[in-house]
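>>> Got a predicted structure plus its sequence, pasted below:
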Amino acid sequence: MKTKIFNSAIVFFIITFSSCSDFLNLQPDYLINEKSFYKTTNDFEASVMGPYASLQEATYALLALTELTTDNLTVTLQSPGVSELECDEVRLSSNNEYIHSIWNACYGAISRSNNLLGRLEDAPIADQEKNKYRGEAYFVRGYAYFILVRLFGPVQLVEKAFRSPNEIAASDMSRKSVIDIYDFIIRDLEQAAELLQGLTMPGKGRASSGAAKTLLGKVYLTQKEFEKAGTILKSVIDSGQYALVNNYADLFDKQNDDLPESLFEIKYLSGNVGEGNSFALHFVPTAYGGMALFPGNQLGGGRLSPTTDLVNAYENGDVRKNASISDSVPMSDGSTVRMLYGKKFVDFTASNVADMNNNFTVLRYADVLLMYAEVLNETGKTADAQSYINLVRKRAGLSGISGLSKDQLSLALEKERRVEFLYEGHRWFDLVRTGRALVVLNTYFADAGLSYTVEDYEMLMPIPQREIDINPSLEQNPGY
């Protein structure tokens with residue numbers, strides 16, 4: 001069931017205090033009125049919405065940095081901004097707005113999680129409620145750091161909320177090693193999985209033990225800890241709590257909340273309350289007046305459009321193609337214009353293209369199956385791996401694969417993940433994780449007749465210049 005992500009009181013609390021320390025978006029815990037808040041379960045129920053709200057703020061920047069930077073998407077906006085072009089050409093600068101946005105949103109989630117954890121220490125509420133909120137805070141904080149470390153490498157590690165200005169001034173704000181960040185993420189997700197075990201959460205927009213385990217499995221896979229990844233991902237499979245939905249398109253429909261395939265999703269709520277999704281402004285064309293895609297002939301934005309290379313990646317008969325993209329734009333005069341656009345997470349009946357009800361999926365069961373297949377392939381069980389890929393292919397209306405070598409299956413997995421998770425923020429991370437980004441992207445640019453060349457240093461993105469200007473202890477990534 002759709003619910004508001006946070007009420008009006010907590011909106012004021014979050015917006016007012018989230019930007020007081022701009023270089024890290026550190027929430028100044030010492031400014032909160034202890035006499036009127038953090039006293040009841042309802043107070044903490046409101047406060048736990050803050051970290052989730054930050055994740056919602058991160059979503060579009062995440063897509064720009066993980067899909068537009070790849071062979072999946074391109075800009076078709078008539079007058080694109082500098083930041084869109086930088087992503088499209090993989091020529092990111094430290095002033096890119098999406099770089100700043102993702103940094104700010106992730107540290108906002110971390111800050112709000114830290115604040116919640118600190119307030120729970122002496123909270124006058126039941127231990128079971130404390131543990132639930134702790135588990136949620138650990139999950140969100142771990143997820144935010146996982147985004148940051150994969151995009152930027154070493155980052156600042158903020159482990160607690162600050163209770164005074166002096167604590168902020170005395171804190172070490174230098175970048176910590178990738179190893180330290182991953183160790184911290186693993187501890188957070190392990191605690192989240194344990195604290196949330198056995199609890200029934202109010203919808204897939206809230207963290208659960210299964211979501212924490214799945215994210216932990218993805219962390220281990222990224223670190224090439226295949227045995228650990230396999231153990232935890234298999235436990236999610238064996239739990240019997242999750243299953244593929246029969247109709248792939250149902251995953252992205254506004255009518256379908258909390259499907260059995262979903263493990264964690266970002267919730268959106270339309271109705272002019274500031275919580276609707278605006279993906280249509282980015283996925284749908286804007287180049288033609290008189291489009292009849294939406295009521296009132298509303299236009300999209302054309303910022304994240306599918307590439308021809310992506311279209312060619314779909315096999316004949318793959319139902320995911322029609323559920324994800326289209327190349328036919330209906331016009332109000334009854335004609336059609338040929339132009340590629342995205343369909344996921346978009347409600348084509350919406351009266352406002354900037355205020356839709358479709359949720360954004362972060363973790364789902366198909367990802368568990370394909371990650372586990374990758375683990376099996378990497379540990380010498382290639383034949384077994386194919387059966388898990390085939391579960392996903394069967395749902396897509398495709399025949400199974402068999403008889404592939406390890407290297408062949410790796411490429412098959414790469415392709416499968418590409419078409420399965422389009423517009424879900426996986427492609428860049430997948431290519432970097434497998435070491436295939438340079439080959440794939442440079443081949444894509446060459447085949448398209450473009451002169452862009454992606455270099456090794458660009459596997460990490462630049463630290464936002466604004467953060468470096470405010471905090472001189474931050475060092476820029478090499479090459480920028």
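Everything's here; your move. Residues are numbered from 1 along each chain as shown.
>>> Which residues are in contact with the residue lying farthest from the centre of the chain?
Distance from the C-alpha centroid of the chain peaks at Asp333, with 38.2 Å (Cα atoms, centre = their mean). With contact set as Cβ atoms under 8 Å, 6 or more residues apart in numbering, Asp333 has these partners: Gly290. To be clear about C-beta, it is placed using only N, CA and C from the backbone, and glycine gets the same treatment.
>>> Mind giving me the packing neighbours of the helix or strand containing Leu148?
Using DSSP states H and E, Leu148 falls within helix 127-152. Applying 3 or more Cβ pairs under 8 Å, 6 or more residues apart in numbering; DSSP states H and E, one finds that helix 127-152 contacts helix 41-47, helix 49-66, helix 97-120, strand 155-156, helix 178-195, helix 209-222.
>>> Next, the buried residues of that helix.
Across helix 127-152, burial judged by 16 or more other Cβ atoms under 10 Å covers 130-152.
>>> Distance from the chain centre to it, please.
On the basis of Cα atoms, centre = their mean, to the nearest Å, helix 127-152 sits 14 Å off its chain's mean C-alpha point.
>>> How about the contacts made by the closest residue to Gly142 other than its chain neighbours?
Nearest residue to Gly142 in three dimensions, chain neighbours excluded: Asp188, at 3.5 Å (Cβ to Cβ, 6 or more residues apart in numbering). Residues in contact with Asp188 (Cβ under 8 Å, 6+ apart) are 138-139, 141-142, 145.
>>> Could you check how far Asp188 is from Asn471?
23 Å (Cβ to Cβ, to the nearest Å).
>>> Kindly report the same for Glu416.
According to Cβ to Cβ, Glu416 and Asn471 sit 41 Å apart.
>>> the more surrounded of these two?
Neighbours were counted for Glu416 and for Asn471 using other Cβ atoms under 10 Å; Glu416 has more, 24 against 16.
>>> sorry, back to before: now the helix holding Leu148 against helix 49-66, angle please.
Interaxial angle of helix 127-152 relative to helix 49-66 (axes from the mean of the first three to the mean of the last three Cα atoms, to 10 degrees): 20 degrees.
>>> Of all the helices and strands packed on helix 127-152, which one is nearest Lys254?
Among these, helix 49-66 comes nearest to Lys254, with 15.8 Å by Cβ to Cβ.
>>> after the closest one comes which helix or strand?
Per DSSP H and E, the first helix or strand lying C-terminal to helix 49-66 is strand 73-74.
>>> Strands of the stretch 351-480 of the chain, start to end?
360-364 (DSSP state E, counting those that start in this stretch).
>>> check contacts around Tyr143.
55, 109, 215, 362.
>>> any idea how far Ala109 is from it?
Applying Cβ to Cβ to Tyr143 and Ala109 gives a distance of 8 Å.
>>> for this protein, which spans come out with low pLDDT?
1-36, 272, 287-289 (pLDDT under 70).
>>> how about a cut-off of 50?
1-23, 30 (pLDDT under 50).
>>> Where do the domain boundaries of it fall?
Per the record, the chain has its domains at 8-207+461-470, 224-263+365-434, 280-354, by automatic domain parsing.
>>> Please identify the one among those that comes closest to Tyr452.
Smallest distance to Tyr452 across the domains of the chain (Cβ to Cβ): 5.0 Å, for domain 8-207+461-470.
>>> can you give me the offset of that closest one from its chain's centre?
Averaging C-alpha positions (Cα atoms, centre = their mean) puts domain 8-207+461-470 12 Å from its chain's average.
>>> again with stretch 376-390
Put simply, stretch 376-390 sits 26 Å off its chain's centre (Cα atoms, centre = their mean).
>>> buried set for that stretch?
Residues of stretch 376-390 classed as buried: 376-378, 382, 385-386, 388-390 (neighbour count, 16+ other Cβ under 10 Å).
>>> Next, give phi and psi for Leu340.
Backbone torsions of Leu340, given as degrees, to the nearest 10, read phi -80, psi 140.
>>> contacting residues around stretch 225-243?
210, 213-214, 216-218, 220-221, 260-261, 263, 365, 368-369, 371-372, 375-376, 378-379.
>>> The residues you listed, buried ones only, as a ChimeraX selection?
Buried residues among the contacts of stretch 225-243 (16+ other Cβ under 10 Å), as a ChimeraX selection:
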select :210,213,214,216,217,218,220,221,261,263,365,368,369,371,372,375,376,378
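>>> ok, Pro462 - contacts?
When the contact criterion is Cβ under 8 Å, 6+ apart, the partners of Pro462 are 92-94, 96, 99, 476-477, 480.
>>> Please disregard the earlier target; I meant Val337.
Val337 neighbours (Cβ under 8 Å, 6+ apart): 288, 291, 328-329, 331.
>>> Name the SS class of it, please.
strand (DSSP: H, G, I helix; E, B strand; the rest coil).
>>> Just give me the neighbour total for the closest residue to Tyr423 other than its chain neighbours.
Excluding the flanking residues, the one nearest Tyr423 by Cβ to Cβ, 6+ apart is Lys344, at 4.4 Å. Taking other Cβ under 10 Å as the criterion, the count of residues near Lys344 is 21.
>>> quick check, Lys344 in a helix?
No: according to three-state DSSP, Lys344 belongs to no helix; its state is coil.
>>> That one reaches Leu422, doesn't it?
Yes: assessed by Cβ atoms under 8 Å, Lys344 is found in contact with Leu422 at 7.0 Å.
>>> Need the residues touching each of these two.
Common contacts of Lys344 and Leu422 (Cβ under 8 Å, 6+ apart): Ser324.
>>> Buried residues of stretch 435-451, list them for me.
For stretch 435-451, the neighbour count (16+ other Cβ under 10 Å) marks 437-438, 440-442, 444-445 as buried.
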